[in-house]
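A.B. asks: Let's see this in three dimensions:
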Amino acid sequence: MRTDKNQFSIKKRKIGLNHPTFFIADLAANHDGNFERAKKLIFLAKKSGADAVKFQHFLAPKIVSDYGFKKLGKKAGHQSNWKNSVYETYEKYSLNREWDRKLVNYAKKIGILWMTTPYDFDALNKVNKFSHAFKIGSGDITWIEFLKTISLKKKPVLLATGASSFEDVKRAVNTIYKNNKKICIMQCNTNYTNSVKNFEYINLRVLNLYRKKFPFAILGLSDHTEGHATVLGAVSLGARIIEKHFTDNRKRPGPDHYFSMDPNSWIEMVKRTRELESSLGIEKKIIESNEKTSNILQRRCIRLNKDLEAGKRISLNDVEFLRPAPKNSYAPYQVKEILKKKLKKNKKKGMELYKVDFY
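C.D. replies: Sure, this is the predicted structure:
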């Protein structure tokens with residue numbers, strides 16, 4: 001059973017099943033290589049209700065092989081729409097690491113947490129003093145040496161598990177957990193085409209598997225589907241960290257804009273999630289305070305269908321089951337308790353019956 005002990009904090013923000021969902025706006029390549037755009041997106045993410053902004057620290061020579069992708073031939077998947085080569089695209093949209101301190105300070109100034117996905121050791125070491133947590137992209141789930149190094153930083157680790165088998169996930173989780181107990185396992189489908197068909201592959205019920213196999217972990221969702229339907233589904237299944245790409249205009253040219261959320265859709269997602277969180281409630285069935293009146297108005301009780309005098313024994317022919325049901329009146333399921341009992345006083349047609357009415 002998962003309890004509130006399954007929690008950690010990102011900065012001072014508690015993350016866990018009994019805390020509000022933590023929303024990460026992944027700015028990814030949407031800064032378009034422009035510092036002022038990066039600042040603008042941080043501001044808009046904060047204004048839209050994100051808890052954190054996340055950047056991606058990659059350098060083309062340290063994440064992709066120009067030779068390798070060219071040898072594959074024709075670009076595939078979401079990369080097929082890229083105008084430049086894969087290597088050139090990563091080169092163009094890499095984050096200028098000289099911006100880090102300024103972006104961190106700006107995020108701190110406006111009150112939003114700053115974090116990143118590092119894609120090489122140099123990036124990890126340089127941003128360690130800035131990033132409140134580390135997200136591991138799905139593509140690095142088999143890079144065990146890197147996962148171990150990240151885990152040793154002792155900051156919360158968010159592991160995306162897209163395009164991975166359960167064995168891949170288990171290997172990665174075990175590697176991280178040996179050194180760091182602050183781990184979130186994020187279900188993910190690594191497809192960026194924005195096709196409606198992708199809903200068929202998101203497999204949110206994998207979160208149930210993660211809950212069973214990794215009871216110590218926080219659950220999360222790193223999502224690239226349209227809208228927020230999968231977010232609501234994930235939260236209802238126990239996910240408490242949500243990551244979605246974020247931009248100001250989905251029609252801008254670039255590798256990530258078209259499948260990102262914009263301020264309006266982000267605000268709607270957060271609003272609906274907060275409503276869902278309120279509705280999840282407790283695992284105890286009770287009559288709630290706001291339905292106690294309905295408990296009287298909507299329920300039936302046992303009522304007389306004719307006038308009866310004191311001393312009359314009650315039979316089924318004397319009663320009917322009608323609303324409302326005042327407190328302590330006999331309920332329909334209790335009818336056998338009153339059969340053949342004698343009335344103490346005269347009762348008129350339509351009156352409800354109570355224990356005090358009988359000898």
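
A.B. asks: Give me the secondary structure label for the one residue sitting closest to the centre of the chain.
C.D. replies: Per Cα atoms, centre = their mean, the C-alpha nearest to the average position across the chain is that of Val235, at 3.5 Å. The three-state label given to Val235 by DSSP: H, G, I helix; E, B strand; the rest coil is helix.

A.B. asks: What separation do you get for it and Ile242?
C.D. replies: Counting by Cβ to Cβ, to the nearest Å, the gap from Val235 to Ile242 is 7 Å. Every residue, glycine included, has its C-beta placed from N, CA and C.

A.B. asks: Quick one: end-to-end distance for stretch 82-91.
C.D. replies: By Cα to Cα, to the nearest Å, the extent of stretch 82-91 from end to end equals 13 Å.

A.B. asks: coming back round to it: can you tell me how far the residue nearest to the centre of the chain is from Ile185?
C.D. replies: Val235 is 15 Å from Ile185, by Cβ to Cβ.

A.B. asks: so what does the host helix or strand of Phe69 touch, helix or strand wise?
C.D. replies: Phe69 belongs to helix 66-72 when assigned by DSSP states H and E. Packing partners of helix 66-72 (3 or more Cβ pairs under 8 Å, 6 or more residues apart in numbering; DSSP states H and E): helix 86-92.

A.B. asks: Give me the next element, helix or strand, following the helix it packs on.
C.D. replies: helix 100-110.

A.B. asks: I'd like the average pLDDT over that following helix.
C.D. replies: Looking at helix 100-110 alone, the average pLDDT works out to 98.

A.B. asks: Name the residues of that helix that are buried.
C.D. replies: Asp100, Leu103, Val104, Tyr106, Ala107 (16 or more other Cβ atoms under 10 Å).

A.B. asks: Let me see the contact set for the fourth one.
C.D. replies: The one in question is Tyr106. If you count contacts by Cβ atoms under 8 Å, 6 or more residues apart in numbering, Tyr106 has them with Lys39, Ile42.

A.B. asks: Can you say which helix or strand has Thr117 in it?
C.D. replies: Assigned by DSSP H and E, Thr117 belongs to strand 113-118.

A.B. asks: I meant Arg171, not that one.
C.D. replies: Applying DSSP H and E as the criterion places Arg171 in helix 166-177.

A.B. asks: Buried residues of that helix, list them for me.
C.D. replies: Under 16+ other Cβ under 10 Å, the buried positions of helix 166-177 are Val169, Arg171, Ala172, Val173, Thr175, Ile176, Tyr177.

A.B. asks: Equivalent analysis for stretch 229-242, please.
C.D. replies: Thr230, Val231, Leu232, Gly233, Ala234, Val235, Leu237, Gly238, Ala239, Arg240, Ile241, Ile242.

A.B. asks: what does stretch 65-83 give?
C.D. replies: Buried residues in stretch 65-83, counted by 16+ other Cβ under 10 Å: Phe69, Lys75, His78.

A.B. asks: what's the burial count for the nearest residue to the last one once chain neighbours are set aside?
C.D. replies: If the residues on either side of it in the chain are set aside, His78 comes closest to Tyr192, at 3.8 Å by Cβ to Cβ, 6 or more residues apart in numbering. A total of 17 residues lie near Tyr192 under the criterion other Cβ atoms under 10 Å.

A.B. asks: Contacts only, for Tyr192.
C.D. replies: Here Tyr192 is in contact with Gly77, His78, His224, Asp256, Phe259 (Cβ under 8 Å, 6+ apart).

A.B. asks: Please apply the same query to Pro156.
C.D. replies: Here Pro156 is in contact with Phe8, Ser9, Ile10, Ile15, His132, Ala133, Phe134, Lys182, Ile183, Cys184 (Cβ under 8 Å, 6+ apart).
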